[in-house]
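Enquirer: I would like the atomic coordinates for the input below:
(one chain, ligands or ions: 1)
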Amino acid sequence: MQVVKQKVQTEKAQITDCDLSEKIKTVTKESHVRANNTELMQAFQRGNITLIQYKLLLCSLYKIYEALEEELDRNASHDSVAPIYFPQELARTETLMKDLEHFYGQDWREKMFVPASTLRYTQRLREIGSEYPEYLVAHAYTRYLGDLSGGQVLSRVPQRSLGLKNGEGLAFFMFPAVSSPNLFKQLYRSRMNSIELTETQREGVLEEAVRAFELNIQVFDELQNLVNISEKNELRQRHKEHNLKTPDVRVSQSSAPSSSLSSPSQLLRMLLGVCLALAVGIGMYAF
Ligand code: HEM
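Expert: Sure thing, here's the model as predicted:
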């Protein structure tokens, strides 16, 4: 804490409207609102998260952070990455591995499910890691500052609604090396502002931040659609099972009315009547 405090004090420059940290916040404001309003994030905020939603989200986050952190590591000494490179304080891949093992067991890699939108997100991260490392700041900002902000409030939701105890399955939300998220965010912003970018690069970073939010929204939407489909299928299955049981009920109900011929004894009686009538008819004809 003391170390971060000192760093913030020494590095704290006057943040102005044209600083990258301010500009990026402004250009992604509308996207942030849209991300908050996705069905999945709304479920989170209302405390309605189900285990399937949470597990699916963890799978996608794992793939996203794995790609982001591998690209950050690979570009750690790049001029635009070095100032915002904080693996000890921020890295999430290991924490997600821990959570996935908790929910899926040791063979979590074979069991995890990753939707197409998540793969598109990771592809973009790989692409910029190779071609435009300066854009990594946009992705790191979007995920890490989000996790250090709203994520801290959101962590209480799965804890409560899924009854997770002793932090099990919640490692993703814990930042043991960050004792004050607010101070750390200040330090991070000042580091972002220290990155030297040409005007074109800066425009590119700002555009990339909007894209990063968009990629997150697409993941949340796809995950929610999957959950909705699986819930619908489950409902349909239950209906099916229910309908398989109901014919017994219907038979017993429909056999009640006397006009119905569904009861075997009634059918037999009718056939005997017809045979008798025919026999009498034939006998009369013979005479
Ligand atoms: C339930 C959903 C969410 C809630 C309740 C939430 C809430 C918040 C709050 C309260 C802040 C602090 C604002 C401030 O300091 O001025 C914040 C900041 C932030 N959030 Fe979210 N958030 C949510 C989802 C997201 C998502 C999905 C992302 C991105 C994928 C995200 C990215 C960010 C970022 C980058 C910041 C830092 C803004 C800045 O100071 O520049 N948030 N969020």
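Enquirer: give the contact list for the residue in the stretch 151-287 of the chain positioned nearest to the ligand.
Expert: Proximity of the stretch 151-287 of the chain to the ligand (CB to the nearest ligand atom) peaks at residue 216, 3.8 Å away. In short, each C-beta sits where N, CA and C put it, glycine included. Contacts of residue 216 were listed using CB atoms under 8 Å, 6 or more residues apart in numbering, and they are 35, 121, 142.
Enquirer: again, only using 7 Å
Expert: 35, 142 (CB atoms under 7 Å, 6 or more residues apart in numbering).
Enquirer: element containing it, please.
Expert: Using DSSP states H and E, residue 216 maps to helix 199-254.
Enquirer: From residue 138, how far out is residue 85?
Expert: Counting by CB to CB, to the nearest Å, the gap from residue 85 to residue 138 is 15 Å.
Enquirer: State the distance from the residue most central in space within the chain to the ligand.
Expert: By CA atoms, centre = their mean, the chain has its centre lying nearest to residue 57, at 3.1 Å. Remark: distance between residue 57 and the ligand (CB to the nearest ligand atom, to the nearest Å) = 11 Å.
Enquirer: Repeat that for residue 49.
Expert: 11 Å.
Enquirer: so is that residue in a helix, a strand, or just coil?
Expert: coil (DSSP: H, G, I helix; E, B strand; the rest coil).
Enquirer: OK, contacts around it?
Expert: 43, 157, 158, 161, 162.
Enquirer: how does it look with 10 Å?
Expert: Residues near residue 49 by CB atoms under 10 Å, 6 or more residues apart in numbering: 40, 41, 43, 57, 154, 157, 158, 160, 161, 162.
Enquirer: Flag every residue of the chain that's near the ligand.
Expert: 25, 32, 35-36, 41, 44-45, 141-142, 145-146, 149-150, 154, 213, 216 (CB under 6 Å from any ligand atom).
Enquirer: ok, residue 98 to the ligand distance?
Expert: Taking CB to the nearest ligand atom as the measure, residue 98 and the ligand are separated by 21 Å.
Enquirer: what's the closest non-adjacent residue to residue 55?
Expert: residue 103 (5.2 Å; CB to CB, 6 or more residues apart in numbering).
Enquirer: Tell me where the model's unsure across this protein.
Expert: 1-17, 244-287 (pLDDT under 70).
Enquirer: Neighbour count: residue 85 and residue 138, which is higher?
Expert: Taking neighbours as other CB atoms under 10 Å, residue 85 and residue 138 compare with residue 138 leading, 25 against 18.
Enquirer: Look up how far residue 165 lies from that one.
Expert: 37 Å.
Enquirer: Please save the CA atoms from stretch 46-57 in PDB.
Expert: The C-alpha coordinates for stretch 46-57 follow below in PDB (Å, rounded to 0.1, in the frame of the first residue of the first chain):
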ATOM      1  CA  ARG A  46     -29.500  -8.200  -9.500                       C
ATOM      2  CA  GLY A  47     -27.900 -11.200  -7.800                       C
ATOM      3  CA  ASN A  48     -29.600 -13.600 -10.200                       C
ATOM      4  CA  ILE A  49     -26.500 -15.300 -11.500                       C
ATOM      5  CA  THR A  50     -26.800 -19.100 -11.900                       C
ATOM      6  CA  LEU A  51     -23.900 -21.600 -11.600                       C
ATOM      7  CA  ILE A  52     -24.100 -22.300 -15.300                       C
ATOM      8  CA  GLN A  53     -23.800 -18.600 -16.100                       C
ATOM      9  CA  TYR A  54     -20.900 -18.100 -13.700                       C
ATOM     10  CA  LYS A  55     -19.000 -21.200 -15.000                       C
ATOM     11  CA  LEU A  56     -19.400 -20.200 -18.600                       C
ATOM     12  CA  LEU A  57     -18.200 -16.700 -17.900                       C
END
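Enquirer: Next up, the contacts around the residue nearest to the centre of the chain.
Expert: Contacts of residue 57 by CB under 10 Å, 6+ apart are 40, 41, 44, 49, 158, 172, 219, 220, 223, 224, 227.
Enquirer: Out of those residues, give me the one that has the most neighbours.
Expert: That'd be residue 219 among the contacts of residue 57, by other CB under 10 Å, with 26 neighbours.
Enquirer: thought that residue was touching residue 121?
Expert: Yes: contact criterion CB atoms under 10 Å: residue 219 and residue 121 qualify, at 6.1 Å.
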